[in-house]
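Visitor: Here's my sequence, what's the structure:
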Amino acid sequence: LRTLARPRRTHGLGRARAPMTGPARLRAFTLVEVLAALAIVAVLASLAVASHERFLLAARRLDARAALVALAAAQERHRLAHGRYADRLAPANPARAAAGVPRTGDGGATPAALAYDATSPEGWYELRIAAVDDDGYRLEARARGAQRRDRDCASLTLDGTGGRAGFDAEGRENTARCWN
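Guide: Model (predicted):
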């Protein structure tokens, strides 16, 4: 009599499972595989952090643009009240600021000075009146603090006619990137 061979058990895609003759062998990651995975994760994390930093710097430029537009409006109100544009900023009245009154106003204003804080609302830019004459003015916002890492838009300007300009850290014009 012929004995029939017992069929081998299969698992997965029909592959036969080898019989285990010795102690069960565990499959694990080698140190090289773990280090390779960690290196890949580190590279991806560094790219994400750099991208996030660029996004933050660009988003903070909105602080400068909003501050320049608000300062231009304050210059126009100053001209209506005093018959001329202010040639410098005077600190806004701290008592009014503590009471929640906006940072602009007449506290500290003189015919030559505009009562307006010299920093943007979020504090990322230093504001100044760069030039003034009877017909107009030019306002400037310069990056300060952590925003100084924004080498593409170190300063932004706005003039009385609405003309805009932006400059990188070396002083080269970069208006399209800074104002868009």
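
Visitor: where do the helices sit along the protein?
Guide: 31-82, 94-98, 175-179 (DSSP state H).

Visitor: of all the ones you listed, which gets the most neighbours per residue?
Guide: Most buried of those, by mean neighbour count (mean count of other C-beta atoms under 10 Å): helix 175-179, with a mean of 16. For glycine as for every other residue, the C-beta is placed from the backbone atoms N, C-alpha and C.

Visitor: sorry, back to before: least reliable of the helices of the chain going by mean pLDDT?
Guide: Of all the helices of the chain, mean pLDDT reaches its minimum on helix 94-98 (a mean of 51).

Visitor: can you tell which of the helices of the chain is closest to Y116?
Guide: Set against Y116 and scored by C-beta to C-beta, the helices of the chain come closest in helix 31-82, at 5.4 Å.

Visitor: and that closest one, what does it pack onto?
Guide: Packed against helix 31-82 by the contact rule (3 or more C-beta pairs under 8 Å, 6 or more residues apart in numbering; DSSP states H and E) you find strand 113-115, strand 125-133, strand 136-143, strand 155-159.

Visitor: Let me have these in CSV, adding distance to A66 as columns.
Guide: Below are those laid out as CSV (distance: least, C-beta to C-beta, whole Å):
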stretch, distance to A66
strand 113-115, 17
strand 125-133, 10
strand 136-143, 10
strand 155-159, 11
